[in-house]
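Student: got a sequence here, can you model it:
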Amino acid sequence: MSEYYPRVSRLKWPTLPDLKDWYLLDLLWASSADALLTLDSKLHHDGRRLGMSVMTLEAFKDSSNFPSSASEPDTL
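Tutor: Here you go, the predicted structure:
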């Protein structure tokens, strides 16, 4: 079985210099996601400047959302 999802509206981000990153912010905006994780420090900076929740992996690991090794179940 498959599901249909409507096409994400393309927005213009004139202050974002890298046009290839626009679709990521479009998805973040359309999905109302809590955050966008990125390894791109420039996108992180630009997204934060726009008031969007764009986080680097390091920042996410430091946040309370990342499970610590103490909370992981023991393995056999």
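
Student: only C-alpha atoms from now on, for both contacts and neighbour counts.
Tutor: Noted.

Student: any buried residues in stretch 23-34, and which?
Tutor: 23, 25, 26, 27, 28, 29 (16 or more other CA atoms under 10 Å).

Student: give me the mean pLDDT for the helix or strand in which the first one is found.
Tutor: Which is residue 23. Element membership for residue 23 (DSSP states H and E) is helix 22-31. For helix 22-31, the mean pLDDT works out to 88.

Student: which element follows it toward the C-terminus?
Tutor: Counting by DSSP H and E, what follows helix 22-31 is strand 36-38.

Student: after that following strand, heading C-terminal, what element do we hit next?
Tutor: Downstream of strand 36-38, the first helix or strand assigned by DSSP H and E is helix 41-49.

Student: so what touches that next one?
Tutor: With contact meaning CA atoms under 8 Å, 6 or more residues apart in numbering, helix 41-49 is reached by 16, 21, 25, 38, 53, 54, 55, 56.

Student: how does it look with 7 Å?
Tutor: Identification of contacts with helix 41-49 by CA atoms under 7 Å, 6 or more residues apart in numbering yields 16, 38, 53, 54, 55, 56.

Student: among the residues you listed, who's most crowded?
Tutor: Greatest neighbour count in these, by other CA atoms under 10 Å, goes to residue 54: 25 neighbours.
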